[in-house]
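Peer 1: sequence first, predicted model second:
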Number of protein chains: 2
Amino acid sequence: MKFSPLLDELIEQFKVLPSVGQKTAQRMAFHLLERNREGALKLSDALRNAMEHIQHCRQCRTFTESDLCDICASSKRQASGTVCVVESPQDVLAIEQTSQYQGLYFVLMGHLSPIDGIGPKDIGLDVFAGMLDDTDTQEVILATNSTVEGEATAHYIHQLCQEREIKTTRIAQGVPVGGELEYLDGSTLVHAFSGRREL
Amino acid sequence: MKFSPLLDELIEQFKVLPSVGQKTAQRMAFHLLERNREGALKLSDALRNAMEHIQHCRQCRTFTESDLCDICASSKRQASGTVCVVESPQDVLAIEQTSQYQGLYFVLMGHLSPIDGIGPKDIGLDVFAGMLDDTDTQEVILATNSTVEGEATAHYIHQLCQEREIKTTRIAQGVPVGGELEYLDGSTLVHAFSGRREL
Ligand SMILES: [Zn+2]
Ligand SMILES: [Zn+2]
């Protein structure tokens, strides 16, 4: 017996969230109904606004509700002559949170994956090539993931840059800060050794 | 630099959900934007509908969008002469999922807690007393939690029932199905022994 179809519907819809199953969905629904209906209504509005208005930046492809995102629109960022290539908008967020990088981005929204039929155009590399041709880019920083696909994608983009004689760098691989050697996998250790720097 | 105020707002609002912090909220927002915008819009609607229409049943106080919930409105349930008293609508859901119980419920929406100023009226015991007086209740099953507060609340309700000469039972305490003795706390073991039944 269903004692509230609307409650059932809410529990069901919570399962669109990653890692949320029946039990967690129930806890979320009851928590909001019992303790925070106002917050739930704000979440409802935020979901609708985000889904209806957030698209991709015309230049860097990150998420934004503007035609051109704030980063691409910044004259200071444009003057940097640097473009950092990442796989996802989350990567942009992570890098921005360090407040260290002051250049532009290009977001692939994925990586090359021939086995899944994902080629250069599917990750916007035609747009990226146009960006390189139209702007005065001095350095491309490849910050794709340290995975097989991320490395292959970085390699492909390196070639695009070489054809245009643009300096290309790859972010360093090594021991994460706070990481303990005994728990690292072998290939990370190999990279950490080969990338060692004189003190 | 905020590259999308609407995205920031969505991430912020996800934190109204229990156990959801910054990282999980980010993952939820990006997951929906990248992979399931339609699902996100459905979740938005489900949230609004639930928050605006779900109230408490006039008789048993569980969550429902009707004046009287389907359980209270069922003539079969009414004829059972049994009322199960629980602390929350989640408890009703858990018991209903077993499909074993066919009586009515009364939902306290909490428990007695003098230290927090929560007395009998705050958990609807005046409404419950009225329900006992108005209906032909043969048995009240006390299914409050096995906590200090749950036990105190059960004790108080037992007295209400005694005054009306209504049979009162308490759900059994013991070893959970699949539970291993060595991991049980002592008081559970004590209850399991004292509640032993002949085979
Ligand atoms: Zn941009
Ligand atoms: Zn009811």
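Peer 2: Received the coordinates, thanks. Ligands and ions are numbered 1, 2, ... in the order given.
Peer 1: now do the closest residue to ligand 2 within chain A against ligand 1, distance only.
Peer 2: Nearest residue of chain A to ligand 2, counting by Cβ to the ion: A:Phe3, 7.4 Å away. Quick note: C-beta positions are derived from backbone N, CA and C, even for glycine. According to Cβ to the ion, to the nearest Å, A:Phe3 stands 48 Å off from ligand 1.
Peer 1: list the contacts of that residue.
Peer 2: B:Thr62, B:Phe63, B:Thr64, B:Cys69, B:Asp70, B:Ile71, B:Pro89, B:Val92, B:Leu93, B:Glu96 (Cβ atoms under 8 Å, 6 or more residues apart in numbering or on different chains).
Peer 1: so the second one versus A:Val148, what's the distance?
Peer 2: The spacing between B:Phe63 and A:Val148, counted by Cβ to Cβ, to the nearest Å, is 49 Å.
Peer 1: quick one, which of the two is more surrounded?
Peer 2: More crowded of B:Phe63 and A:Val148, by other Cβ atoms under 10 Å in any protein chain shown: B:Phe63, with 25 against 10.
Peer 1: show me what that one is bridged to.
Peer 2: Beta-bridge partners for B:Phe63, by DSSP bridges, are B:His56.
Peer 1: touching, it and B:Ile54? I think so.
Peer 2: Yes. Counting by Cβ atoms under 8 Å, B:Ile54 is a contact partner of B:Phe63 at 5.1 Å.
Peer 1: between these two, which contacts overlap?
Peer 2: A:Ser4, A:Leu7, A:Leu33.
Peer 1: distance check, the residue most central in space within chain A against ligand 1.
Peer 2: The centroid of chain A falls nearest to A:Ser88 when counting by Cα atoms, centre = their mean (2.1 Å). Between A:Ser88 and ligand 1 the computed distance is 14 Å (Cβ to the ion).
Peer 1: and that residue, how far is that from B:Leu112?
Peer 2: 51 Å.
Peer 1: on that earlier part again, quick check on the contacts of A:Phe3: which are buried?
Peer 2: With burial judged by 16 or more other Cβ atoms under 10 Å in any protein chain shown, the buried subset of these is B:Thr62, B:Phe63, B:Thr64, B:Cys69, B:Asp70, B:Ile71, B:Pro89, B:Val92, B:Leu93, B:Glu96.
Peer 1: could you list which of the residues you listed belong to strands?
Peer 2: B:Phe63, B:Thr64 (DSSP state E).
Peer 1: what's the closest of the buried ones among the contacts of A:Phe3 to B:His158?
Peer 2: Set against B:His158, the nearest of these by Cβ to Cβ is B:Val92 (20.4 Å).
Peer 1: who's in contact with the closest one?
Peer 2: Per Cβ under 8 Å, 6+ apart, neighbours of B:Val92: A:Phe3, B:Thr62, B:Ile71, B:Val86, B:Tyr105, B:Val107.
Peer 1: for A:Arg27, give me its contacts.
Peer 2: A:Arg27 makes contacts with B:Pro18, B:Gln90, as judged by Cβ under 8 Å, 6+ apart.
Peer 1: that older thread, as JSON lines, the buried ones among the contacts of A:Phe3 with pLDDT would be great.
Peer 2: Output for the buried ones among the contacts of A:Phe3, formatted as JSON lines (pLDDT from 0 to 100):
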{"residue": "B:Thr62", "pLDDT": "94"}
{"residue": "B:Phe63", "pLDDT": "95"}
{"residue": "B:Thr64", "pLDDT": "95"}
{"residue": "B:Cys69", "pLDDT": "93"}
{"residue": "B:Asp70", "pLDDT": "92"}
{"residue": "B:Ile71", "pLDDT": "94"}
{"residue": "B:Pro89", "pLDDT": "92"}
{"residue": "B:Val92", "pLDDT": "92"}
{"residue": "B:Leu93", "pLDDT": "88"}
{"residue": "B:Glu96", "pLDDT": "88"}
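Peer 1: can you tell me which of the buried ones among the contacts of A:Phe3 is nearest B:Asp126?
Peer 2: Each of these was checked against B:Asp126 using Cβ to Cβ; the closest is B:Thr62, at 17.4 Å.
Peer 1: right, and the closest one touches B:Val107 too?
Peer 2: Yes. Look at B:Thr62 against B:Val107 with Cβ under 8 Å: they come within range, at 4.6 Å.
Peer 1: tell me the domain ranges of chain A?
Peer 2: Listed by automatic domain parsing, the domain ranges of chain A are A:1-35, A:63-194.
Peer 1: highest mean neighbour count out of those domains?
Peer 2: Ranked by mean neighbour count, the domains of chain A are led by domain A:1-35 with a mean of 18 (mean count of other Cβ atoms under 10 Å in any protein chain shown).
Peer 1: worst-scoring helix or strand of chain A, pLDDT-wise?
Peer 2: Across the helices and strands of chain A, mean confidence by mean pLDDT, DSSP states H and E is lowest for helix A:186-194: a mean of 82.
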